[in-house]
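Chemist: Any chance you could fold what I've pasted below:
(chains A and B, ligands or ions: 2)
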Number of protein chains: 2
Amino acid sequence: MYKEPFGVKLDFETGIIENAKKLVRKLSDMKGYFLDEQAWKELVEKEDPVVYEVYAIEQEEKDGDLNFATTVLYPGKVGKEFFFTKGHYHAKADRAEIYFALKGRGGMLLQTPEGKAKFIEMVPGTVVYVPPYWAHRTVNTGNEPFIFLAVYPADAGHDYGTIKEKGFSKIVVEEDGKVVVKDNPKWKE
Amino acid sequence: MYKEPFGVKLDFETGIIENAKKLVRKLSDMKGYFLDEQAWKELVEKEDPVVYEVYAIEQEEKDGDLNFATTVLYPGKVGKEFFFTKGHYHAKADRAEIYFALKGRGGMLLQTPEGKAKFIEMVPGTVVYVPPYWAHRTVNTGNEPFIFLAVYPADAGHDYGTIKEKGFSKIVVEEDGKVVVKDNPKWKE
Ligand SMILES: [Mn+2]
Ligand SMILES: [Mn+2]
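Modeler: Ligands and ions are numbered 1, 2, ... in the order given. Down below sits the predicted model:
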């Protein structure tokens, strides 16, 4: 009747959580997500790299319970755009989330349902508060894997569809060797 | 109307979270918690050490929102019993919690309302899942500060009274230089 407490090992160097469920997203799984579609196609045909891996320990979808997961987001670009995670709203939109950056560097792109975006830089030690209602996507702006831990309500769920269709209003690109956050020309209001 | 996302810096070495609310628990704040009351009294009169500090960033008590906090639990003993945090059930008893050990070594003592206890060792990288309904207390079994991050539902609340009155059914003591988890002779069912 009571659930059993447990402790698991998270490896700070690799991001791997023992006994976790592993999910792998390759670039071919992200058709339509990047601005430069030609660059996406060429990179998929050439090597179809892994963009990110997730190690998750999840409970039943129940109010008050909590899930946790690490993400290993690899360095890379599609055209000028840095590798990122698909990004999502929560299916239960009022569910918050806490991220904790462990390794590498990057940031989080957040967005309200009306398209107001915000970018928060993340380096090891940064804790990010994702408030209720904001979509969120992480971006690797560095040269090594960007690794972070996330804790989220077990009943938050994921709404990937809205972002897949409309994207974020901002993109994160490299220009003249610098990380630039700019308006997404393909953004659909 | 939407809350604002933010990132804050957590220092891996000190456990300090910038802009967090700081709480300090001295040994004199923990009257009646330790088994050896004479040893407690002597140590309070001699130096009244800080047992732990908490750095918390908390939201309004709302379903679906999340709080986070670090704890710096200092090394020390009262008699043979290692320093620990007061420990609590959640006021909303079905709220879970996730702990992530960053520095030092120790463990978590958990207990059901019926007094079934479990001890989980924690070293840097250990993630502990605290299921709904279990009381939880952390214990520093090492020689340096034991530092960890916790994420918990914003509406979990704290019920300290039950533990203050009844204690945990187990205690964590040093015997012959070893960490031993044993029955609490003062445990009140
Ligand atoms: Mn999420
Ligand atoms: Mn708690």
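Chemist: What's the local residue count around A:Lys178?
Modeler: 8 (other C-beta atoms under 10 Å in any protein chain shown). To be clear about C-beta, it is placed using only N, CA and C from the backbone, and glycine gets the same treatment.
Chemist: Show me what it is bridged to.
Modeler: With DSSP bridges as the criterion, A:Lys178 is bridged to A:Glu175.
Chemist: what's the distance between it and A:Thr141?
Modeler: Distance from A:Lys178 to A:Thr141, counting by C-beta to C-beta, to the nearest Å: 10 Å.
Chemist: do A:Val128 as well
Modeler: When distance is defined by C-beta to C-beta, A:Val128 is 15 Å away from A:Thr141.
Chemist: ranges for the strands of chain A?
Modeler: A:6-9, A:21-26, A:50-57, A:66-73, A:77-78, A:81-82, A:97-103, A:106-111, A:117-122, A:126-130, A:135-140, A:146-153, A:170-175, A:178-183 (DSSP state E).
Chemist: Turn the ones you listed into TSV, including mean pLDDT.
Modeler: What follows is the strands of chain A, written out as TSV (pLDDT from 0 to 100):
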stretch	mean pLDDT
strand A:6-9	98
strand A:21-26	98
strand A:50-57	98
strand A:66-73	99
strand A:77-78	98
strand A:81-82	98
strand A:97-103	98
strand A:106-111	98
strand A:117-122	98
strand A:126-130	99
strand A:135-140	98
strand A:146-153	99
strand A:170-175	98
strand A:178-183	98
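Chemist: And those: which comes nearest B:Phe119?
Modeler: Across those, B:Phe119 has its closest neighbour in strand A:6-9 (10.0 Å, C-beta to C-beta).
Chemist: elements contacting the lengthiest helix in chain A?
Modeler: What stands out as the longest helix in chain A, according to DSSP state H, is helix A:37-46. The criterion is 3 or more C-beta pairs under 8 Å, 6 or more residues apart in numbering or on different chains; DSSP states H and E, and the helices and strands that helix A:37-46 contacts are strand A:77-78.
Chemist: can you list the residues that contact the strand it packs on?
Modeler: Contact with strand A:77-78 is made by A:Leu27, A:Phe34, A:Leu35, A:Asp36, A:Ala39, A:Trp40, A:Leu43, A:Phe83, A:Glu174, as judged by C-beta atoms under 8 Å, 6 or more residues apart in numbering or on different chains.
Chemist: Closest to B:Gln59 out of these?
Modeler: A:Phe83 (31.0 Å).
Chemist: List the contacts of the closest one.
Modeler: Taking C-beta under 8 Å, 6+ apart as the criterion, A:Phe83 is in contact with A:Val51, A:Tyr52, A:Leu73, A:Tyr74, A:Pro75, A:Gly76, A:Lys77, A:Val139, A:Asn140.
Chemist: will you turn those residues into CSV that also has neighbour count?
Modeler: Supplementary listing: the contacts of A:Phe83 in CSV, determined by neighbours: other C-beta atoms under 10 Å in any protein chain shown:
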residue, neighbour count
A:Val51, 24
A:Tyr52, 23
A:Leu73, 26
A:Tyr74, 17
A:Pro75, 17
A:Gly76, 15
A:Lys77, 16
A:Val139, 27
A:Asn140, 28
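Chemist: Which of those residues sits closest to A:Lys62?
Modeler: When the contacts of A:Phe83 are compared for distance to A:Lys62 (C-beta to C-beta), A:Tyr52 wins out at 26.9 Å.
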